[in-house]
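Sequence and predicted structure below; questions after.
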Amino acid sequence: MSDQSAIELVGGAWARLAGWLAEYAPSSYASLLPPASDEAISAGEARLVHALAFGFPPELKALWQVCGGVEKVDVPGDEDGELWAGKFLPGGNLLAPEPALWQRLRVGPGEADPWEGAEFVSFLDAEEPSGAGKFGMEVAHSADPTLQGVGDWSAMTGTDLSPEWLSISAYLEAACELLETGGGPLLEALGERRPVLALGCLAWIDPEDGREVSWQLIRP
């Protein structure tokens, strides 16, 4: 994918998602950071290239050029801290350029790379906006076509990467389709989870799980 194509596709998909959040999930919308600076993206990529000889996928850089990640915002009424407003995608919190490096660069000098040189970067973290969680979603930009695209990563399974989506834009479009129509390819991938609105946040939960905070299913 060319840089220009990535910018157009990711930019369009992101505008669609951000518009939905602005209308229906204001707390999640408030968590969005402004675009990352060219300097921050370039500095992160330079570290990655120096350590592992590959850079950020063009579509990930394109995403950061429209949103630089998420920040913690107060969610009024969430007394038990069940909600993270920035976790509005099923894969987790959108990471800024620096936290996105954590999984790939977490080993010390002389230590073996647990990912065995796999050319991917985590861009969503299901647990930590710092990128130091154990689960999330990654985007790969590899010469091996079977490793290109977006898929789950787990700190416990190491190099067992299996891209499920062709691109970040395809993943974002699938999320938008589910929010807008109630169907689409993301529905099956979610398992028992469903999108809900809770105190102005978009969240993805199993309705059978016990929750203290009140929520309602999204019904387009």
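Okay, I see it. Numbers count the residues shown, from 1 in each chain.

would you list every one of the strands in the chain?
93-94, 120-125, 135-140, 149-154, 162-165, 194-198, 201-205, 216-217 (DSSP state E).

out of these, nearest to residue 42?
Comparing the strands of the chain against residue 42 with C-beta to C-beta, the closest turns out to be strand 120-125 (14.6 Å). (Each C-beta comes from the backbone N, C-alpha and C, glycine too.)

For that closest one, give the mean pLDDT please.
Per-residue pLDDT over strand 120-125 has a mean of 94.

And it, what's buried?
120, 121, 122, 123, 124, 125 (16 or more other C-beta atoms under 10 Å).

Then stretch 182-194?
In stretch 182-194, counting by 16+ other C-beta under 10 Å, buried: 184, 186, 187, 194.

Give me the below-cutoff pLDDT ranges for the protein.
Across the chain, the ranges flagged by pLDDT under 70 are 1-3, 109, 158-160.

Just want the angle from the top helix by length along the chain to strand 194-198.
Determined from DSSP state H, the single longest helix within the chain is helix 3-24. Here helix 3-24 points in a direction 50 degrees away from that of strand 194-198 (axes from the mean of the first three to the mean of the last three C-alpha atoms, to 10 degrees).

Would you agree residue 204 is in contact with residue 198?
No: the pair residue 204 / residue 198 is not scored as a contact, 10.8 Å apart, by C-beta atoms under 8 Å.

Name the nearest residue to residue 185, sequence neighbours excluded.
Here the nearest residue to residue 185 in space, its sequence neighbours aside, is residue 174; by C-beta to C-beta, 6 or more residues apart in numbering that works out to 5.2 Å.

what sits against the one you found?
For residue 174, the contacting residues are 165, 184, 185, 186, taking C-beta atoms under 8 Å, 6 or more residues apart in numbering as the criterion.

among the residues you listed, which two are most distant?
In the contacts of residue 174, the most distant members under the criterion C-beta to C-beta are 165 and 184, with 11.9 Å between them.

And the helices in the chain, which stretches?
According to DSSP H, the chain carries its helices in the segments 3-24, 26-30, 38-52, 58-64, 168-181, 185-189.

which of those is buried the deepest?
For the helices of the chain, ranked by mean neighbour count under the definition mean count of other C-beta atoms under 10 Å, the leader is helix 58-64 at a mean of 24.

one step back: among the strands of the chain, which comes closest to residue 56?
Put simply, out of these the one that sits nearest residue 56 is strand 120-125, at 6.1 Å, with distance taken as C-beta to C-beta.

Describe which strands the closest one pairs with in its sheet and in which direction.
The pairing partners recorded for strand 120-125 under DSSP bridges are strand 93-94 (antiparallel), strand 135-140 (antiparallel).

got JSON lines for those strands, with mean neighbour count and distance to residue 27 too?
Conversion of the strands paired with strand 120-125 to JSON lines gives the following (neighbours: other C-beta atoms under 10 Å; distance: least, C-beta to C-beta, whole Å):
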{"stretch": "strand 93-94", "mean neighbour count": "27", "distance to residue 27": "14"}
{"stretch": "strand 135-140", "mean neighbour count": "23", "distance to residue 27": "21"}
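
mind giving me JSON lines with the ones you listed and columns for distance to residue 110?
Converted to JSON lines, the strands paired with strand 120-125 look like this (distance: least, C-beta to C-beta, whole Å):
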{"stretch": "strand 93-94", "distance to residue 110": "31"}
{"stretch": "strand 135-140", "distance to residue 110": "25"}
